[in-house]
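Undergrad: Next one to model:
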Amino acid sequence: MQIVFMNQMSRTGSGDGGAAQVWIGEEEGIWQLGWRETGEEGDLQDESWYEGGSWQELLCVYRHGLAQKLGAGYRPVIEGVFHESDEIKGRNQHALKLQCYSELHSSDDLYSELCSWRRKKAAAGRKAPYFIASNRVLRMISAFVPHTREELLQLPGIGSSKAEEHGEEWLELTGKVTRSFQFPLDWVDRVLGEEEFMTWQYKQKEQKYKQELEHYRMSRLLLAGISEGLSIEELSSRTGLTRRAVVEALEDLEKEGYDTEVLIQSELVNMPESEQNSIWQSYEELGDTFLKPVLQRVYGGETAVEAAQEELYERLRLIRIRFRREQGEQKQAV
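TA: Next up is the predicted model:
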């Protein structure tokens, strides 16, 4: 086997250095990826991370596996192991440190209160909770406990519109909590340990690359099923996804340049052409961002049966894939 990449690692805080290696090799078109670690007794411990023919999948596994090791305290001898630009320079670094500090030092009691507030707000407005506020924003508030609108606006992720919409209610909750520090929050840069911050960053990368790896493998599974002529229901059974999740995944595949028309055609074969044309025309007139206005235009305001709604929304999504594909082709032709 020919080794095409290798990087030495050392573990922080380890008396003997905690030496390790991550390596990539190739033999007759088969890629291999592994980790070799020196144990406490000097014995070698090998881990096989990947063996197969896909360089893209290998990179996904490499990034995820390496992020796990870096989060556990290993550091590369040669920097730039992720082959990506530095994301934490300049003004963005301070925002990341605030996020890191908030996740490590937030008040669980205040965070629970904020989550309870969000659930009630979402239920009252019939919205998904993340449309009200993200977990990250609620962590920020619970960690830094702003007492004024000016302080609230110093937290990353909270702009004037969010402060205007929810600020009064947030400040009502934070006003009951005492704090031992003051704004502005430049002191966070001083008190947050560099190693603590770096470890947190690698944990963030681990989650990011785990999602990328899962997305890649799910995409391969779906594409294989489509090539076999499987239906949405059969793809749902094979992947464990709901029908809706399968169709949403098809939309993502189209965005990435894959052709899913064979599956769409088989799913819509019994759908009247007049109905398809009506949906298409509605997209032209109303746009393709939101499905509800199109649903109401095509099928009327009353679609009371939830099961029927799911079926109709599925049709709208499948037609929208075709619509967006044609719109993209027209733009390229101009």
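Undergrad: can we go C-alpha only for contacts and neighbour counts from here?
TA: Fine.
Undergrad: Asp46 in helix, strand or coil?
TA: Secondary structure for Asp46, judged by DSSP: H, G, I helix; E, B strand; the rest coil, is strand.
Undergrad: these two touch, right, it and Trp23?
TA: No: the criterion here is CA atoms under 8 Å, and Asp46 misses it with Trp23 at 11.0 Å.
Undergrad: what touches both of these two?
TA: Here Asp46 and Trp23 have Gly34, Trp35 as joint contacts, going by CA atoms under 8 Å, 6 or more residues apart in numbering.
Undergrad: quick one: furthest residue from the center of the protein?
TA: Computed with CA atoms, centre = their mean, the residue of the chain farthest from its C-alpha average is Glu41, at 40.0 Å.
Undergrad: Please report phi then psi for that one.
TA: Main-chain torsions, Glu41, degrees, to the nearest 10: phi -90, psi 10.
Undergrad: Could you number the chain from 41 rather than 1 from now on?
TA: Will do, 41 is the new start, and the previous item becomes Glu81.
Undergrad: From Arg230, how far off is it?
TA: According to CA to CA, to the nearest Å, Glu81 stands 38 Å off from Arg230.
Undergrad: next one: Arg51
TA: Counting by CA to CA, the gap from Arg51 to Arg230 is 24 Å.
Undergrad: Just want to know which of the two has more residues nearby.
TA: Arg51 (18 against 9; other CA atoms under 10 Å).
Undergrad: Quick check: chain neighbours aside, which residue is closest to that one?
TA: The shortest distance from Arg51 to any non-neighbouring residue, by CA to CA, 6 or more residues apart in numbering, is to Tyr114 (4.1 Å).
Undergrad: Which of the helices or strands spans the spatially closest residue to Trp95 that is not a sequence neighbour?
TA: Nearest residue to Trp95 in three dimensions, chain neighbours excluded: Trp71, at 7.0 Å (CA to CA, 6+ apart). Per DSSP states H and E: Trp71 is located in strand 70-78.
Undergrad: Strands of the stretch 41-190 of the chain, start to end?
TA: Taking DSSP state E, counting those that start in this stretch, the strands of the stretch 41-190 of the chain run over residues 42-51, 60-67, 70-78, 84-92, 114-116.
Undergrad: ok, which stretches of the stretch 41-190 of the chain are helices?
TA: All helices of the stretch 41-190 of the chain, identified by DSSP state H, counting those that start in this stretch, fall at 95-111, 131-145, 148-165, 169-172, 175-184, 189-192.
Undergrad: rewinding a little: which neighbours in the sheet does the strand holding Trp71 have, and how are they oriented?
TA: Here strand 70-78 is paired, per DSSP bridges, with strand 60-67 (antiparallel), strand 84-92 (antiparallel).
Undergrad: Among these, show me which one is buried the most.
TA: strand 60-67 (a mean of 18; mean count of other CA atoms under 10 Å).
Undergrad: okay, the angle between it and helix 95-111?
TA: Strand 60-67 and helix 95-111 are oriented at 170 degrees to each other (axes from the mean of the first three to the mean of the last three CA atoms, to 10 degrees).
Undergrad: Not counting strand 60-67 itself, show me its contacts.
TA: Residues from elsewhere that reach strand 60-67 (CA under 8 Å, 6+ apart): 41-50, 71-78, 106.
Undergrad: Pull the contacting residues for the closest residue to Glu87 other than its chain neighbours.
TA: Spatial nearest neighbour of Glu87, chain neighbours left out: Trp75 (5.0 Å); criterion: CA to CA, 6+ apart. For Trp75, the contacting residues are Ala60, Gln61, Val62, Trp63, Asp86, Glu87, Ser88, Trp89, taking CA under 8 Å, 6+ apart as the criterion.
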